[in-house]
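S.K.: sequence-free structure coming up:
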């Protein structure tokens, strides 16, 4: 086990509620020039530090684990540090596996705790999806909400931490979820009325779901076998809230009723914010408690799938 | 010590030589729509795997550690996997601290080796800088070269690995090196003849140098003290080849003649490719040998500084 304790957390969502047939989405009004991604990150970082009863200077690493960056240079964590801990020297880095970036960041953070490179790490996830969804692609436009989520994790002598994690990337799905334009493959100078959709989110939801249903059950089976446990030993499963199709995943994985936490209707898909927001909200609502054995699972653009067993 | 062995490496630079007063730069001809970043990554990844005498399927994690991504979604490592290991399931992630991304990726990779999450990791760095430098900003335009660099690192029982590493980020320098446009703060739809420079690299070299000269000597001093060694115990220092001002850094750090490897005139600044390219070339030229104690140092946008002591 990679010992790790969740010291505190905080989350926020986009300010405007938009009601779709399959639930509410939370969006920031689109303004092409804005600082809202960092505004959300600053808010939740300050709240998490306050809840932990520590000072910002007690953090010894800032990881931003999001799908979308604020600027191409510098890394987003450095821009966040400018807001919350200037002149601190706290090291900053970005980790990116799109929607499951938070789970990958927990792999990184927990490994850093084991090697004692760092002792207390602030992980910030969530995306400003309002700024890159395509109103003409109804399927994906209806899915997403903005969010910012902060978790502070630290070393512990208690029997808490990550028991197991596994990640796989299946690049046959690399183009089923993408934003093609804006960076080195397809520069911003190509932006025009004709090309503008190339700079927006593009998803083939059916292909993503098919690949997920093919790969995820095998990964779950391996996770159970490797840890010599039954599905029923897991208190709650915290999934990436990818879409309405969560209920199909639930059925395919043969989960008990209520075992999978499904907030899709009230929150939508929060991209990198989805897993940590769901985890934080479930803890606040008492659905997940200290001592529980939980499983984080998620699919991300790539197609990447993650599975992480945590003893809380 | 985090035990880690460099199994193999490979590097490539931009195809066209451009001669400036202070040396050669290596660039790819600018074509707004292109795949050259991935072309370089594919080439060096295949070469590194071949030199290691292994199969691609023997790699169990792909980390892309670059300043610039190929697309906003998915992560660059997934797009690389599509080229070199489709249908493999090899997990993919991006790590970003701009110019020192490779050093940070070594922190991540070596910690993963310690926790046994992964056993053999492909780290790919380097940037397609030709596509975001500003011809109107002479100072920075003259600095950069394109590159792709791959290192394969793995677990070992030998007495090799990372003895010490330290990273600091000083966000008072967050805007001295940046690309403001293209992502969520300043969207691609703002691109025009009037704004196009906001989508290109912008650097205040003097401010970066002043902050570096203030912070780097302290970090080096701490590194020596913490490891109870003298500067003369270090065989070679592999710096990020930031600029001509390397000789000022060399003097300020009071290094022995020849201790700092300076390839700036022949290679230029390769952004995230700079440190690993310098390391690989120095090993090939016999300047660095197995058994050497070396120090990687670098500054990055953020402003981030890194220092890593490696027993080869």
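M.R.: Received it, and whenever you're ready, just let me know what you need. Since the structure is predicted, the reported quantities are computational estimates derived from the model, not experimental observations.
S.K.: average pLDDT for the longest helix along chain A?
M.R.: Of all the segments assigned as helix in chain A under DSSP state H, the longest by residue count is helix A:205-227. In this model, helix A:205-227 has an average pLDDT of 93.
S.K.: spit out the contact partners of residue A:139.
M.R.: Counting by CB atoms under 8 Å, 6 or more residues apart in numbering or on different chains, residue A:139 makes contact with A:203, A:205. Glycine gets a C-beta too; all of them are placed from N, C-alpha and C.
S.K.: show me where the stretch 151-300 of chain A has its strands.
M.R.: Counting by DSSP state E, counting those that start in this stretch, one finds strands in the stretch 151-300 of chain A at the ranges A:161-169, A:177-178, A:202-203, A:236-239, A:293-300.
S.K.: the following helix or strand past the last one close to chain B?
M.R.: Sequence-wise, the next helix or strand downstream of strand A:293-300 (DSSP states H and E) is strand A:304-311. Yes: Strand A:304-311 reaches chain B (CB under 8 Å from any CB of the partner chain) through residue A:304.
S.K.: one step back: any chance of the strands of the stretch 151-300 of chain A in TSV, plus mean neighbour count and distance to chain B?
M.R.: Formatted as TSV, the entries for the strands of the stretch 151-300 of chain A read as follows, by neighbours: other CB atoms under 10 Å in any protein chain shown; distance: least, CB to the nearest CB, whole Å:
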stretch	mean neighbour count	distance to chain B
strand A:161-169	22	4
strand A:177-178	24	5
strand A:202-203	20	9
strand A:236-239	24	18
strand A:293-300	24	7
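S.K.: and these: which comes nearest residue A:286?
M.R.: strand A:236-239 (11.1 Å; CB to CB).
S.K.: what's that closest one packed up against?
M.R.: If you count contacts as 3 or more CB pairs under 8 Å, 6 or more residues apart in numbering or on different chains; DSSP states H and E, strand A:236-239 packs onto helix A:274-284, strand A:293-300.
S.K.: ok so residue A:11 is a strand residue?
M.R.: Yes: according to DSSP: H, G, I helix; E, B strand; the rest coil, residue A:11 belongs to a strand.
S.K.: and the pLDDT at it?
M.R.: As summarised for this prediction, residue A:11 has a pLDDT of 98.
S.K.: likewise residue A:86?
M.R.: Residue A:86 carries a pLDDT value of 94.
S.K.: residue contacts, the closest residue to it other than its chain neighbours?
M.R.: Leaving aside its sequence neighbours, residue A:86 sits nearest to residue B:171 (CB to CB, 6 or more residues apart in numbering or on different chains; 5.5 Å). Taking CB under 8 Å, 6+ apart as the definition of contact, the neighbours of residue B:171 are A:78, A:79, A:81, A:82, A:85, A:86, A:92, B:302, B:303.
S.K.: confidence score at the spatially most central residue of chain A?
M.R.: Residue closest to the mean C-alpha point of chain A, counted by CA atoms, centre = their mean, is residue A:272 at 2.8 Å. Looking at residue A:272, its pLDDT reads 98.
S.K.: does the helix or strand where residue A:148 lies reach chain B?
M.R.: Assigned by DSSP H and E, residue A:148 belongs to strand A:147-154. No: interface with chain B: strand A:147-154 contributes nothing (CB under 8 Å from any CB), its closest point being 12.0 Å away.
S.K.: what's that strand packed up against?
M.R.: With contacts defined as 3+ CB pairs under 8 Å, 6+ apart, the packing partners of strand A:147-154 are strand A:5-13, helix A:36-52, helix A:101-115, strand A:120-125, helix A:274-284.
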